[in-house]
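Colleague: sequence and computational prediction follow.
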Amino acid sequence: MAGSTLASATASPAAARPRVTPGAEAWRRFRKHRLAVVSLVLLSGIVLAVLVGPLVWTLPVDEIDFSAQLQSPSWAHPFGTDDLGQDILARVLHGGRISLAVGVAAMLVAVCVGVLVGAIAGMSRGRVDAALMWLTDLFLSLPELPLLLLIIYLFRDGLGQIVGPEAGVFIMIVAVIGGFRWMPVARLVRAQFFSLREKEFVEAARALGASRPRLVVRHILPNALGPVIVAATIDVAAAIIAESTLSFLGLGFPPDIPTWGRLLFDAKDNLDFAPHWAIFPGLAIFLTVLTINFIGDGLRDALDPRRVL
């Protein structure tokens with residue numbers, strides 16, 4: 001009787017202990033990273049502002065008012081106006097949608113290509129792996145910004161005639177930025193596959209007759225997504241910076257599409273007497289990229305199984 005009571009008392013704490021899912025454990029670790037949590041709140045506010053803001057702040061982005069040229073921030077225009085009297089707050093909110101959309105779309109392109117190349121290289125041996133890594137090294141050795149400028153300069157007008165100027169520039173910028181950001185993802189996925197394909201659970205699934213595609217989709221790839229998620233957040237920030245750079249150099253979106261980089265390009269000749277024109281879009285780029293990088297740091301710590309917080 002006493003033995004059974006002691007056994008039940010010993011087993012009860014383990015039985016009463018709640019089961020913690022991997023997602024809950026990752027969230028617990030993520031919350032330990034205070035900068036990442038603050039950055040997540042700030043980034044959520046920025047995304048909410050660019051999505052909902054134009055519905056609340058209803059001034060047209062292209063309304064010209066020469067009587068309100070280059071006004072400083074006021075109640076009527078919280079971010080001031082540009083040289084055409086256009087409201088900068090409305091243009092920052094509208095341009096944020098495009099800049100964030102470019103960042104997310106370019107990240108998806110880079111991650112999809114990188115995962116595909118890395119998975120094929122990680123599951124292959126010999127010539128296939130060597131050829132794919134040679135291709136990856138080749139892309140890594142190319143000068144990114146000059147090639148971006150050259151490709152967009154050569155093909156922007158032709159693609160714009162096919163699908164329209166706005167859609168053509170969007171597709172071109174996303175494809176070019178994503179096409180030059182997949183290589184780190186491919187290297188990460190390849191390294192993860194090399195490590196995971198020899199694990200016991202993969203060997204057990206192979207012994208039970210699982211095909212190679214099933215091994216990749218069901219067993220290896222889900223366990224390799226941690227570093228990919230971290231790299232994806234960094235790619236979003238890098239894509240936003242690249243789009244802003246192209247727009248600032250005049251090779252991004254047309255002048256009537258106010259992306260954050262385009263606003264900086266338009267403001268560069270008026271910095272002496274209208275600094276607000278460049279401060280607010282520049283601050284939007286700075287905060288967005290900074291918060292995404294901090295979130296990436298938090299995800300790296302949260303998804304690292306070797307780190308105990």
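Modeller: Thanks, I have the structure now. Keep in mind that what you see is a predicted model, and the values were worked out from it rather than measured. Residues are numbered from 1 along each chain as shown.
Colleague: if you rank every helix and strand of the protein by mean pLDDT, what lands last?
Modeller: Within the chain, no helix or strand scores below helix 2-16, which has a mean of 47 by mean pLDDT, DSSP states H and E.
Colleague: could you say what helices and strands the next helix-or-strand element following that helix packs with?
Modeller: Using DSSP states H and E, the next helix or strand after helix 2-16 towards the C-terminus is helix 22-32. Secondary-structure packing of helix 22-32 (3 or more Cβ pairs under 8 Å, 6 or more residues apart in numbering; DSSP states H and E): helix 34-56, helix 276-302. Using the backbone N, CA and C atoms, a C-beta is placed for each residue, glycine as well.
Colleague: need the per-residue pLDDT for Ala278.
Modeller: Listed pLDDT for Ala278 reads 87.
Colleague: number of residues surrounding it?
Modeller: Neighbourhood size, Ala278 [other Cβ atoms under 10 Å]: 18.
Colleague: surely it touches Lys268?
Modeller: Yes - counting by Cβ atoms under 8 Å, Ala278 touches Lys268, with 7.1 Å between them.
Colleague: can you give me the angle the longest helix along the chain makes with helix 34-56?
Modeller: The residue-count maximum for a helix in the chain (DSSP state H) belongs to helix 88-123. Between helix 88-123 and helix 34-56, the angle formed by their directions is 130 degrees, by axes from the mean of the first three to the mean of the last three Cα atoms, to 10 degrees.
Colleague: what is the orientation angle of the helix or strand just after helix 88-123 with helix 88-123?
Modeller: Using DSSP H and E, the helix or strand that follows helix 88-123 in sequence is helix 127-141. With the same axes, to 10 degrees applied, the angle from helix 127-141 to helix 88-123 works out at 150 degrees.
Colleague: look up how far Ile120 lies from the nearest residue to Gly122 once chain neighbours are set aside.
Modeller: Closest residue to Gly122 in three dimensions, ignoring its sequence neighbours and counting by Cβ to Cβ, 6 or more residues apart in numbering: Phe193, at 2.4 Å. Using Cβ to Cβ, to the nearest Å, Phe193 is found at 9 Å from Ile120.
Colleague: check Leu290 too.
Modeller: Leu290 is 35 Å from Ile120, by Cβ to Cβ.
Colleague: how about Ile241?
Modeller: Applying Cβ to Cβ, the value for Ile241 to Ile120 is 29 Å.
Colleague: my guess is Leu249 contacts Phe265. True?
Modeller: Yes - assessed by Cβ under 8 Å, Leu249 is found in contact with Phe265 at 7.5 Å.
Colleague: identify the residues contacting the residue nearest to Ile177 when sequence neighbours are not counted.
Modeller: Leaving aside its sequence neighbours, Ile177 sits nearest to Ala106 (Cβ to Cβ, 6+ apart; 4.1 Å). By Cβ atoms under 8 Å, 6 or more residues apart in numbering, the contact list for Ala106 reads 173-174, 177-178, 181, 235-236, 239, 242-243.
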